[in-house]
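Engineer: Sharing a model prediction with you, sequence too.
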Amino acid sequence: MVELTSLIQIRLEGNSLRGQLPPDLGGKLTSLRRLDLSANEFTGTIDSLVPLPELRVLHLEENDFVGTIPSDMGNGKDFLRSASFHDNDFTGSMPESMCDIVEPLGNVEILTSDCAGPIPSVVCVCCTECF
């Protein structure tokens, strides 16, 4: 999969897939516009998803990803419209690079995370919806 530089869409949602993402995935899939890995059992961090410069839709919800959302996740994402991170095991804060591209400053219309409750898993002042 990581040698397909012209690939524009990966939709693997709801397939009970397990394991970690390949390293440098974002650096190899430079034309990718849609990545939907939602409702699976993926683990590990999402560091390998940077940069993905052409990405418009990113759905990572309902997995077992851990760690923080990379600080440069939003860098160069001029076309991103939707990003969902909820129902994982992320911690920390939503990076400023993501908040900078949420409407009205940027193009992102939907940004979700686990930011609800008295002790949220992810602190997100710019999310459009918290779970």
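Structural biologist: Everything's here; your move.
Engineer: C-alpha from now on. contacts and neighbour counts both.
Structural biologist: Noted.
Engineer: Tell me, how many residues neighbour Glu62?
Structural biologist: Number of residues near Glu62 (other C-alpha atoms under 10 Å) recorded here: 20.
Engineer: all numbers from here: first residue = 53
Structural biologist: Will do, 53 is the new start, and the previous item becomes Glu114.
Engineer: so how far is Ser145 from Asp166?
Structural biologist: For Asp166, the distance to Ser145 equals 10 Å [C-alpha to C-alpha, to the nearest Å].
Engineer: Tell me which of those two has more neighbours.
Structural biologist: Ranked by neighbour count (other C-alpha under 10 Å), Asp166 and Ser145 place Asp166 first, with 24 against 18.
Engineer: Verify the stated contact: that one with Val177.
Structural biologist: No: contact criterion C-alpha atoms under 8 Å: Asp166 and Val177 do not qualify, at 11.6 Å.
Engineer: about what we covered before: what do Asp166 and Ser145 both touch?
Structural biologist: Common neighbours of Asp166 and Ser145, using C-alpha atoms under 8 Å, 6 or more residues apart in numbering, are Val174.
Engineer: residue ranges of the helices in this structure, please?
Structural biologist: 77-80, 148-151 (DSSP state H).
Engineer: helices and strands around the last one, which ones?
Structural biologist: The criterion is 3 or more C-alpha pairs under 8 Å, 6 or more residues apart in numbering; DSSP states H and E, and there are no helices or strands that helix 148-151 contacts.
Engineer: neighbouring contacts of that helix?
Structural biologist: Ser123, Asp124, Met125, Gly126, Asn127, Val177, Cys178, Cys179.
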